[in-house]
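Undergrad: Structure, please.
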Amino acid sequence: MKPLTEREKTCLQWAAVGKTSWEMGVILGLTERTINFHIHNACGKLGVHGRQAAITAALHAGMLPSLSEPLVARAGTPLPAGRGMTAELRSLSPRPEHEASAK
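TA: Down below sits the predicted model:
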């Protein structure tokens, strides 16, 4: 099994705590397409098809830290736990459906 890049590991870690590609893009300062590119590459290296399978394979192989360890954004700001989109991410959203779900 090929080793994962740091960016592939980071994307899988955020996916493991429930972040969408769009949310990861906002957090990491990348486009949604770039996030999907890294996840797709990780899937290929792990020999799986799909985001959840990649997370599982990487966790079992010891390539990702435990999910109980807190994730911290590059800026060093701790992010809230949970699957929901935070108010900070909602405020950055160019998508009207995110605005509607905020109410």
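Undergrad: Now do the helix or strand containing M24: which elements does it pack against?
TA: According to DSSP states H and E, M24 maps onto helix 21-28. If you count contacts as 3 or more CB pairs under 8 Å, 6 or more residues apart in numbering; DSSP states H and E, helix 21-28 packs onto helix 6-16, helix 32-46, helix 87-92. Any C-beta I mention is one placed from the backbone N, CA and C, and that applies to glycine too.
Undergrad: Those helices into CSV, with extra columns for mean neighbour count, mean pLDDT and distance to V26?
TA: Below are the helices and strands packed on helix 21-28 laid out as CSV (neighbours: other CB atoms under 10 Å; pLDDT from 0 to 100; distance: least, CB to CB, whole Å):
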stretch, mean neighbour count, mean pLDDT, distance to V26
helix 6-16, 20, 96, 11
helix 32-46, 18, 98, 9
helix 87-92, 12, 54, 6
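Undergrad: Mind checking these for the one nearest to A53?
TA: Shortest distance between A53 and these, using CB to CB, is found for helix 32-46: 7.2 Å.
Undergrad: Near the nearest residue to I35 once chain neighbours are set aside, how many other residues are there?
TA: Nearest residue to I35 in three dimensions, chain neighbours excluded: S21, at 4.3 Å (CB to CB, 6 or more residues apart in numbering). S21: 20 surrounding residues under other CB atoms under 10 Å.
Undergrad: Identify the residues contacting S21.
TA: Neighbour list for S21: 32, 35-36, 39 [criterion: CB atoms under 8 Å, 6 or more residues apart in numbering].
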